[in-house]
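Engineer: next input, structure requested:
(one chain, ligands or ions: 1)
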Amino acid sequence: MSSQGPKNGEVWLTWEDLWVTASSLKDGNKAILKGLTGYARPGELLAIMGPSGCGKSTLLDTIAGRLGSNTRQSGNILINGRRQTLAYGSSAYVTQEDTLMATLTVKEVVYYSAELQLPNSMPKSEKKQIADMTMKEMGLQDAMETRIGGWSGKGTSGGQKRRVSICLEILTRPKLLFLDEPTSGLDSAASYYVMKTIASQCQGRTIIASIHQPSTEVFSLFHSLCLLSSGRTVYFGPASAATEFFALSGYPCPTLQNPSDHFLKTINGDFDQDIEEGPTSRKSTEEVINILIKSYSDSDKYRAVQSQVAEICKQEGEVLEKRSRASFATQSLVLTKRSFVNMSRDLGYYWLRLGVYIVIAIGLGTIYYDVGFSYSSIQARGSMLMFVASFITFMAIGGFPSFVEELKVFHREKLNGHYGSGSFIIANTLSAVPYLLLIYFIPGVIAYYLTRLQSGFEHFIYFALVLFTCMMLVESLMMIVASIVPNFLMGLITGEGIQALKILSGGFFRSPNDLPKVFWKYPLHYVSFHRYAYEGMFKNEFEGLNFHDKHMKGLIKGEDILGNTWQMDMDYSKWIDLAILLGMLVSYRLLFLLFVKAGDKVKPAIRAVMSTSPQQINSAETPLHVLAA
Ligand SMILES: Nc1ncnc2c1ncn2[C@@H]1O[C@H](COP(=O)(O)OP(=O)(O)OP(=O)(O)O)[C@@H](O)[C@H]1O
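Structural biologist: As a prediction, this is how the structure comes out:
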């Protein structure tokens, strides 16, 4: 390569003296990548190879700008010779983990994705055609009607899932494609066909793939090879010249052996095995790795890489622009449809809860059956309403695992620029409404009419509206928790804890005037939605009713009970309580949007702050100069 450099529509990637360290409480600072230099250019497939844990995924994540926030990086990563971030849609990243919607079929997953990613200007038939063609390229034509499957039931195989994940990211033919272990879980024939399809897309595109153990045939598809061991470069250059490099360094590949097997065996320091260097001489793997690293850093190959990087960096090329994609309205609509279908097929999202709610509603209806107007019915009505407003809504947590699965898909798609947070939140809200209406209405009718709470349609509608709003509030609360807490078990416990505190401060278990002032009353009682739910439901129930006590003469007015017994604020009507609940609902959803958006902004900022000078990192880890000496 001589005077080549970035041209319009191409992506040239260079990284120079790249260091990455990760900090953890247990291990302190640990260097993962140690001074890597390399490049990736259009029309080529660069394979990153090395033993497990050598830093392949970290290198891929670093150059794709996806490093975790507990890491620090230094060194120059340039795109088309410029320091620029990858614009949404200019690149795609196929992660090691397949995050797909388990309830959808392969065809549905790909069709929905095509509708989300391809621009509005493209006719629907063309989108479908592209989706069909890409599925065929990935050998998925026979699995198109199979559900993805997951924890809820078996569906596609691991290899098929892998191919679906790749399929989704190549639908738009991105200029820059990162693939983390695209062949893991595939048999050798499938690996070859998948890699062949990927390699066939190289024309005008830059493709970087980390790969574990390619067969000879797959290896022959690579244009360039970056071979790593413990975060250091053992070899970077044309894949076809790697065998010669190993031979010249004293470790020739035995005849009839797969070259990649030979490379990986020679540089795998995880097992304490010696490498034979002839009939009598043996060296430890660590020594061999150091010899190879030194041989590479002294070689013409390394100098060629450095001068190639310098040449690419000299010619400032195009600034990457956002790819046109489906409009916000289309994305919201497609996501709503997809989410609706997912909710209808996922038993755990709403159906199971509907069954449980019906059983509980019958339970409530029989325990408080025809509650009447006696003095004791005051306590019974209060307890029944409290149970509905607190514990029935508490169970909205049950849909959390399903929501977390949906959130994972959202994170993957958002990171790859398929759509933004706004359309996801709109879609999730709209698609959930019909299910929530159903799951509160049926049990609500059963419990309300068996108990014979205050008659009148307006009273029932108010009761149902508060119940519906509370369920949406709990779902929104859990969405916020899911955006902050990293895993679903911790999320469940956190969500339960928050709700328990809110229920306690709601004003039922301890009367509002008796709540300790600090924390419980101010602010918890006022920010807890249970307070307004109890207040609204109690006012709805007690206002206008009179109760009689056989020991006392006369009637007790419902309004007196509200003010004196329940200590409710009677200065405003029940509709104000409902309005406050609806206001809370809107603010919870906005808060979720804020947290998701803040995550987008805060993570790159943390990464920028954590990027330190190479000297700082080098001082934390010294083996490279020891090796180079
Ligand atoms: N964010 C992080 N925090 C702490 N350690 C990390 C982090 N990311 C990676 N590591 C560590 O860095 C090393 C390299 O990890 P990486 O995932 O890049 O390896 P890999 O070559 O892709 O491995 P595999 O082939 O098994 O996927 C591992 O020891 C890993 O534990």
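
Engineer: how close does the closest residue to Gly398 other than its chain neighbours get to the ligand?
Structural biologist: Closest residue to Gly398 apart from its sequence neighbours, by C-beta to C-beta, 6 or more residues apart in numbering: Arg353 at 5.1 Å. For glycine as for every other residue, the C-beta is placed from the backbone atoms N, C-alpha and C. Separation of Arg353 from the ligand (C-beta to the nearest ligand atom, to the nearest Å): 36 Å.

Engineer: for Ser215, same thing?
Structural biologist: 17 Å.

Engineer: once you drop chain neighbours, what's closest to that residue?
Structural biologist: Ser188 (5.2 Å).

Engineer: how many other residues sit next to that neighbour?
Structural biologist: 13 (other C-beta atoms under 10 Å).

Engineer: any idea of the pLDDT on it?
Structural biologist: For Ser188, the pLDDT comes out at 87.

Engineer: with Ile617 instead?
Structural biologist: 50.

Engineer: which regions of the stretch 501-629 of the chain lie under the pLDDT threshold?
Structural biologist: Filtered on pLDDT under 70, the stretch 501-629 of the chain yields the residue ranges 552-553, 600-629.

Engineer: just the strands in it please.
Structural biologist: 518-519, 522-523, 546-548, 555-557 (DSSP state E, counting those that start in this stretch).

Engineer: list the contacts of the second one.
Structural biologist: Counting by C-beta atoms under 8 Å, 6 or more residues apart in numbering, strand 522-523 has no neighbours from elsewhere in the structure.

Engineer: and that strand, how far out from the chain's middle?
Structural biologist: 34 Å (C-alpha atoms, centre = their mean, to the nearest Å).

Engineer: who does that strand pair with, and is each partner parallel or antiparallel?
Structural biologist: strand 518-519 (parallel) (DSSP bridges).

Engineer: so the residue nearest to Gly398: helix, strand or coil?
Structural biologist: helix (DSSP: H, G, I helix; E, B strand; the rest coil).

Engineer: residues in contact with it?
Structural biologist: Counted by C-beta under 8 Å, 6+ apart, Arg353 has contacts 395-396, 398-399, 439.

Engineer: how much space between it and Ile442?
Structural biologist: 11 Å (C-beta to C-beta, to the nearest Å).

Engineer: now do the contacts for Glu97.
Structural biologist: Listed by C-beta under 8 Å, 6+ apart, Glu97 has no contact partners.

Engineer: helix, strand or coil: sort out it for me.
Structural biologist: coil.

Engineer: offset the numbering so it begins at 19, please.
Structural biologist: Understood, numbering begins at 19; the last thing we discussed is Glu115.

Engineer: for it, phi and psi?
Structural biologist: phi -90, psi 140 (degrees, to the nearest 10).

Engineer: relative to Lys44, which of the strands of the stretch 519-647 of the chain is closest?
Structural biologist: strand 536-537 (34.4 Å; C-beta to C-beta).

Engineer: which residues touch the closest one?
Structural biologist: Counting by C-beta under 8 Å, 6+ apart, no residue outside strand 536-537 touches it.

Engineer: keep the contacts of Arg371, but drop any that are not near the ligand.
Structural biologist: Of the residues in the contacts of Arg371, proximity to the ligand by C-beta under 6 Å from any ligand atom holds for none.

Engineer: mind listing what the residue lying closest to Ala82 once chain neighbours are set aside touches?
Structural biologist: Residue nearest to Ala82 in three dimensions, not counting chain neighbours: Phe196, with 4.9 Å by C-beta to C-beta, 6+ apart. By C-beta under 8 Å, 6+ apart, Phe196 lies in contact with 78, 81-82, 109-112, 226-227.

Engineer: nearest to Val352, out of those residues: which one, please.
Structural biologist: Ala110 (18.4 Å).

Engineer: neighbours of that closest one, just the number please.
Structural biologist: For Ala110, the count of nearby residues is 26 (other C-beta under 10 Å).

Engineer: let me see the contact set for it.
Structural biologist: So Ala110 contacts 187-188, 190, 192, 194-196, 434 (C-beta under 8 Å, 6+ apart).

Engineer: most neighbours of all those residues, which one?
Structural biologist: That'd be Phe196 among these, by other C-beta under 10 Å, with 27 neighbours.

Engineer: so which strand or helix has that residue?
Structural biologist: Secondary structure assigned from DSSP states H and E places Phe196 in strand 194-198.

Engineer: any idea how many residues pack against Gly617?
Structural biologist: If we define neighbours as other C-beta under 10 Å, then Gly617 has 15 of them.

Engineer: quick one, grab the pLDDT at the closest residue to it other than its chain neighbours.
Structural biologist: Leaving aside its chain neighbours, Gly617 sits nearest to Ser501 (6.9 Å; criterion: C-beta to C-beta, 6+ apart). With respect to pLDDT, Ser501 has a value of 85.

Engineer: same for the host helix or strand of Ser501, what does it pack against?
Structural biologist: According to DSSP H and E, Ser501 maps onto helix 475-502. Applying 3 or more C-beta pairs under 8 Å, 6 or more residues apart in numbering; DSSP states H and E, we find helix 475-502 packed against helix 411-412, helix 418-433, helix 439-469, helix 506-522, helix 547-560, helix 592-628.

Engineer: give me the buried positions along that helix.
Structural biologist: Of all the residues in helix 475-502, those buried under the rule 16 or more other C-beta atoms under 10 Å are 477-478, 480-501.

Engineer: re earlier: which members of the contacts of Phe196 occur in strands, if any?
Structural biologist: In this view, the contacts of Phe196 that belong to strands under DSSP state E are 109-112, 226-227.

Engineer: quick check: Leu64 touching Leu245?
Structural biologist: No. Counting by C-beta atoms under 8 Å, Leu64 stays clear of Leu245, with 11.3 Å between them.

Engineer: compare the two and say which is more crowded by neighbours.
Structural biologist: Leu245 (28 against 21).
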